[in-house]
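> build the 3D model from these lines:
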Amino acid sequence: MLTQPVWAVTTGQLFEDCKPWANNGFSLDGLTKAQRQRAVACFMFQSGVIHIRITECRDDELSTQAFYDTSIYKPTAMTQKFLNWAETNPDKWEDVANPSYWIMGTCKE
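I've put the predicted structure just below:
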């Protein structure tokens, strides 16, 4: 078995990474070095979600996959979707970030 480093992030950690960037109009200008680094981590996380899930949406398909996949293609839009969800679900902040929670039903967005 190969060992490899894994970076699992909780919902709360991802929220803390993303929120300053969103509050700054999704601009890195004016953020501290630490905030910029965390904004890049947020951007990469959301970009990865998009990259993996966007290819599965089908306009004419009504299946379970349409609830867990997305047609959102902008990391900023995905980040805002996450932040909106996270703010209304603080009970999930200690859990590992699970994109299926905030992308459910976004195949048509």
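> rest of the way, CA atoms for contacts and neighbours
Will do.
> Cys42: which element?
Element membership for Cys42 (DSSP states H and E) is helix 33-53.
> packing partners for that helix?
helix 11-23, helix 75-88 (3 or more CA pairs under 8 Å, 6 or more residues apart in numbering; DSSP states H and E).
> which residues does the longest one contact?
The list of residues contacting helix 75-88 from outside it, by CA atoms under 8 Å, 6 or more residues apart in numbering, reads 11-12, 15, 18-19, 22, 26, 42-43, 46-47, 50, 72, 92-93, 99, 101-103.
> how distant is it from the center of its chain?
Taking the mean of its C-alpha atoms, helix 75-88 sits 7 Å from the chain's own mean (CA atoms, centre = their mean, to the nearest Å).
> do stretch 46-55 as well
A distance of 9 Å separates the centroid of the chain from that of stretch 46-55, by CA atoms, centre = their mean.
> poorly predicted segments of the protein, please.
1-7, 54-68, 109 (pLDDT under 70).
> contacts only, for the most centrally placed residue in the chain.
With distances taken as CA atoms, centre = their mean, Gln46 lies nearest the centre of the chain, 3.9 Å away. For Gln46, the contacting residues are Pro75, Met78, Thr79, by CA under 8 Å, 6+ apart.
> circling back: any idea which of the helices and strands packed on helix 33-53 is most buried?
Highest mean neighbour count of the helices and strands packed on helix 33-53: helix 11-23, a mean of 20 (counted as mean count of other CA atoms under 10 Å).
> next one: Ala86 from Ala97, what distance?
Relative to Ala97, Ala86 is positioned 10 Å away (CA to CA, to the nearest Å).
> give the intersection of the neighbour lists for the two.
In contact with both Ala86 and Ala97: Thr11, using CA under 8 Å, 6+ apart.
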